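Participant: Sequence and predicted structure below; questions after.
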Amino acid sequence: MTDADAQQLADLLAEEERLVFTAFDHTTAWDLGSRLRTEALSAQLPIAISIRRNGQCLFHAALPGSSADNDGWLLRKAAVVDRYGHSSYFVGCTFRAEGRDFDVDSRLDVGAFAAHGGAFPIILGTSGGIGTVAVSGLPQVEDHRFVVTHLERFLAERNQIRAR
């Protein structure tokens with residue numbers, strides 16, 4: 001693993017440590033999902049958005065230019081978060097930094113798991129990971145960055161961002 005890989009992984013973990021909810025319910029999911037949808041529509045992004053809690057889909061939106069394939073990617077990325085407890089991008093980057101291929105070395109069904117950027121854990125401060133917020137439709141780094149950027153803004157408005 002290179003120093004750059006180690007720094008990237010540390011940065012990705014820092015995002016997860018910082019972006020933590022104090023409460024999360026159906027209304028929170030709707031508010032967050034609606035925010036993501038509005039921002040994506042404004043930027044004319046061809047994405048699908050999903051917010052899941054404990055296996056239940058609380059929010060889903062498919063924007064112009066997205067397809068049913070994006071829905072499959074949402075589920076596969078969220079499955080990685082559920083399995084590993086970290087963002088799908090972090091998991092994929094970890095495998096690559098270690099010189100491994102997730103699709104082969106994880107020994108998981110590639111039809112059910114995708115370690116590509118775009119799914120981020122919903123972390124509840126008192127309970128840990130309880131779900132996922134995910135987008136699909138852009139290159140994986142952009143999917144990840146979109147989720148993190150807007151999740152950070154959403155939490156900041158609610159004074160829930162942890163100090164770095």
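Facilitator: Noted; the coordinates are in hand. Numbers count the residues shown, from 1 in each chain.
Participant: Please enumerate the helices of the protein.
Facilitator: With helices called from DSSP state H, the chain shows them at 3-18, 26-42, 68-84, 88-97, 102-105, 140-157.
Participant: Could I get the buried residue list for the lowest-mean-pLDDT helix or strand in the chain?
Facilitator: When the helices and strands of the chain are scored by mean pLDDT, DSSP states H and E, helix 3-18 comes last with a mean of 92. Neighbour-count burial for helix 3-18, counted by 16 or more other CB atoms under 10 Å, picks out 8-9, 12, 15-16, 18. From N, CA and C alone the C-beta is placed, and that goes for glycine too.
Participant: which one of the residues you listed sits closest to Leu45?
Facilitator: Using CB to CB, Glu15 is the member of those that lies nearest Leu45, at 20.2 Å.
Participant: just the angle between the longest strand belonging to the chain and helix 26-42, please?
Facilitator: In the chain, assigned by DSSP state E, the strand with the most residues is strand 128-136. Orientation of strand 128-136 against helix 26-42 (axes from the mean of the first three to the mean of the last three CA atoms, to 10 degrees) gives an angle of 20 degrees.
Participant: Report the contact partners of the spatially closest residue to Leu36 that is not a sequence neighbour.
Facilitator: Leaving aside its chain neighbours, Leu36 sits nearest to Ile49 (5.0 Å; criterion: CB to CB, 6 or more residues apart in numbering). By CB atoms under 8 Å, 6 or more residues apart in numbering, the residues touching Ile49 are 33, 36-37, 40, 59-63, 74, 133-135.
Participant: let's see 10 Å
Facilitator: 32-37, 39-40, 59-63, 66, 70, 74, 118, 133-137, 146-147 (CB atoms under 10 Å, 6 or more residues apart in numbering).
Participant: which one is Arg153 nearest to, not counting chain neighbours?
Facilitator: Arg35 is the one closest to Arg153 (CB to CB, 6+ apart), at 7.8 Å.
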